[in-house]
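Trainee: No letters, just coordinates:
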Ligand SMILES: [Zn+2]
């Protein structure tokens, strides 16, 4: 974990997950809190060694790798927590993620791990679209839904902390099928990123870049490719296929070998999000045939 400085006020701890940091008039603000206590301990150690303050933390979205360390920050250091409304509800009742991944039923034990269910944390305040003020920090909250339900990007001092609205090139290649809950929102958020003027941006997973347009366009292209290959697969079976069948064929097509239930459910959410987008465009429909949920081309 390395502390990188972008402007007088803006920094980030970089590594597997970006943890933003801003300092102004003797107050410190963290953006996201990493996966767990140990990530936060490293951050605190570094801030202490540099004599830098920490007072507030904003969580961009309720995925465990971004909020899992918040509980420790709040309990041990009394840091004030902020998040967008819907994401706040999930962080306060984090079993909601394994629940939604498991079709709404009470999840099997295997899904109740720190990667899918971060530690619950009480959020003190909500951040809203547009200008927000926390202590000496004035910043703009930009709605960037699609990867999660109400993910927020933060524009502070002309630096954009973009959360998981886009992935760095290497991450994009690694994920093959990135996690999304809504493909149309994901694409709209990516288009929005192309029109934000800033001195530079950093995603939740990837490097800081002054000009993100190339990387964002790579993300757009990837989602369009993923959607097109899925549509081609659906069209190939005029009588329709079950989601399970589509899943197997689609994962095979992208040479993905899934090793556990959680990972498969994450992929299924993305595939469902693409299918839903195609359904909105009236290219396919969901229906029940012979007691099976079938996806059929139109
Ligand atoms: Zn995420």
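Mentor: Great, that's in hand. All of these numbers come straight from a predicted model, not from anything done at the bench.

Trainee: List the contacts of the residue nearest to the spatial centre of the chain.
Mentor: In the chain, the C-alpha nearest the mean C-alpha coordinate belongs to residue 164, at 4.0 Å (Cα atoms, centre = their mean). In this structure, residue 164 makes contact with 60, 61, 63, 66, 147, 148, 151, 179, 203, 204, 205, judged by Cβ atoms under 8 Å, 6 or more residues apart in numbering. (Glycine included, C-beta is placed from N, CA and C.)

Trainee: Give me the subset of the residues you listed that also touch the ion.
Mentor: Restricting the contacts of residue 164 to those near the ion by Cβ under 5 Å from the ion leaves residue 63.

Trainee: Out of the contacts of residue 164, which comes closest to residue 117?
Mentor: Comparing those against residue 117 with Cβ to Cβ places residue 63 closest, at 10.5 Å.

Trainee: if we can go back for a sec, look up how far residue 257 lies from the residue nearest to the centre of the chain.
Mentor: To residue 257, residue 164 is 23 Å away according to Cβ to Cβ, to the nearest Å.

Trainee: Kindly report the same for residue 213.
Mentor: Taken as Cβ to Cβ, the span from residue 213 to residue 257 is 33 Å.

Trainee: Same drill for those two, tell me which one is more crowded.
Mentor: Comparing residue 213 with residue 257 by other Cβ atoms under 10 Å, the one with more neighbours is residue 213, at 11 against 7.

Trainee: Would you mind measuring from residue 241 to residue 102?
Mentor: When residue 241 is compared with residue 102 (using Cβ to Cβ), they lie 22 Å apart.

Trainee: from the contacts of residue 164, which ones fall inside helices?
Mentor: residue 66 (DSSP state H).

Trainee: since we're on the closest residue in space to residue 93 that isn't next to it in sequence, how many residues are nearby?
Mentor: Take residue 93 and drop its neighbours on the chain: the residue closest to it by Cβ to Cβ, 6 or more residues apart in numbering is residue 120, 6.8 Å away. A count of neighbours around residue 120, defined by other Cβ under 10 Å, yields 14.

Trainee: and what of residue 110?
Mentor: Other residues within reach of residue 110, judged by other Cβ under 10 Å, total 12.

Trainee: tell me the secondary structure for it?
Mentor: Three-state assignment for residue 110 (DSSP: H, G, I helix; E, B strand; the rest coil): helix.

Trainee: Please tell me how far residue 215 sits from residue 200.
Mentor: Applying Cβ to Cβ to residue 215 and residue 200 gives a distance of 12 Å.

Trainee: Compare these two (neighbour count), which wins?
Mentor: Taking neighbours as other Cβ under 10 Å, residue 215 and residue 200 compare with residue 215 leading, 21 against 15.

Trainee: The residue in the stretch 151-298 of the chain that the ion sits nearest to is in what secondary structure piece?
Mentor: Across the stretch 151-298 of the chain, the shortest distance to the ion (Cβ to the ion) belongs to residue 164, at 3.8 Å. When elements are assigned from DSSP states H and E, residue 164 belongs to no helix and no strand.

Trainee: swap in the one 10 residues further on?
Mentor: Here residue 174 is covered by helix 169-175, with elements defined by DSSP H and E.

Trainee: Run the chain-centre distance for the helix or strand that comes right after that helix.
Mentor: Proceeding N to C from helix 169-175, the next assigned helix or strand is helix 183-194, under DSSP H and E. Counting by Cα atoms, centre = their mean, to the nearest Å, helix 183-194 is centred 13 Å from the centre of its parent chain.

Trainee: how much space between the residue in the stretch 1-150 of the chain that the ion sits nearest to and residue 182?
Mentor: Nearest residue of the stretch 1-150 of the chain to the ion, counting by Cβ to the ion: residue 63, 3.5 Å away. Going from residue 63 to residue 182 by Cβ to Cβ gives 15 Å.

Trainee: The two: who's more crowded?
Mentor: Taking neighbours as other Cβ under 10 Å, residue 63 and residue 182 compare with residue 63 leading, 27 against 20.

Trainee: joint contacts of residue 215 and residue 200?
Mentor: Shared contacts of residue 215 and residue 200, counting by Cβ under 8 Å, 6+ apart, come down to residue 209.

Trainee: which bits of the protein sit near the ion?
Mentor: 63, 164.

Trainee: What segments of the stretch 101-250 of the chain are strands?
Mentor: 125-126, 130-134, 137-143, 152-156, 159-161, 200-202, 241-242 (DSSP state E, counting those that start in this stretch).

Trainee: out of these, deepest packed?
Mentor: Among the strands of the stretch 101-250 of the chain, the stretch with the highest mean neighbour count (mean count of other Cβ atoms under 10 Å) is strand 159-161, at a mean of 26.
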